[in-house]
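*Asks:* this one's sequence-less:
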């Protein structure tokens, strides 16, 4: 009898943990949905959600600028962009008549794909939009969306 009671208590403990885990997942999902709705109500288009160790990074476009984290880059100040894989150029675009600087050599492969979009500004400065290092082409798709938004804005 004692074994059955202990087994029932153990089962109850596992079920309560699973319930709490499910509720935490639901809360996080709902929080993310509210954040996306808030951005949409401000007239911003969500280009991508980049999962980082510190949380989720939203990459947004509001028609005038590209926004990610605390960064805001107006499209009118962007002369060109390059999509990078581990520092090597995968694609590039620039305004008519603008020649982008020579790209640096790609980094040595470290066992994972790291995607980013480098923005070249009119003042000669660059900004990198991190697109992640996820598997299965997720980061590539994020980088492609960001790159395409910049290409459309400066074309």
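*Replies:* Received it, and whenever you're ready, just let me know what you need. Computed from a predicted structure; not experimentally measured.
*Asks:* Tell me which residue lies nearest the centroid of the chain.
*Replies:* residue 50 (2.5 Å; Cα atoms, centre = their mean).
*Asks:* check contacts around it.
*Replies:* Going by Cβ atoms under 8 Å, 6 or more residues apart in numbering, residue 50 touches 56, 57, 58, 59, 68, 130, 131, 132, 139, 142. C-beta coordinates here come from the backbone N, C-alpha and C atoms, glycine included.
*Asks:* switch to 7 Å and redo it
*Replies:* Residues in contact with residue 50 (Cβ atoms under 7 Å, 6 or more residues apart in numbering) are 57, 59, 130, 131, 132, 142.
*Asks:* Now stretch 130-141: buried residues?
*Replies:* Buried residues in stretch 130-141, counted by 16 or more other Cβ atoms under 10 Å: 130, 131, 132, 133, 134, 138, 139, 140.
*Asks:* Name the nearest residue to the first one, ignoring sequence neighbours.
*Replies:* By that I understand residue 130. residue 116 (5.4 Å; Cβ to Cβ, 6 or more residues apart in numbering).
*Asks:* quick check, the one you found in a strand?
*Replies:* Yes. Looking at residue 116 with DSSP: H, G, I helix; E, B strand; the rest coil, it is inside a strand.
*Asks:* how many other residues sit next to it?
*Replies:* Residues lying near residue 116 (other Cβ atoms under 10 Å) number 22.
*Asks:* Please look at it and residue 132 and confirm they touch.
*Replies:* No. Applying Cβ atoms under 7 Å, one finds residue 116 not in contact with residue 132, separated by 8.7 Å.
*Asks:* returning to that earlier point: helix or strand for the residue nearest to the centre of the chain, which one?
*Replies:* Using DSSP states H and E, residue 50 falls within strand 45-52.
*Asks:* Pull out the buried residues from that strand.
*Replies:* Buried-residue list, strand 45-52, by 16+ other Cβ under 10 Å: 47, 48, 50.
*Asks:* go on, stretch 57-77?
*Replies:* Using 16+ other Cβ under 10 Å as the test for burial, stretch 57-77 gives 57, 58, 59, 60, 61, 65, 66, 67, 68, 73, 75.
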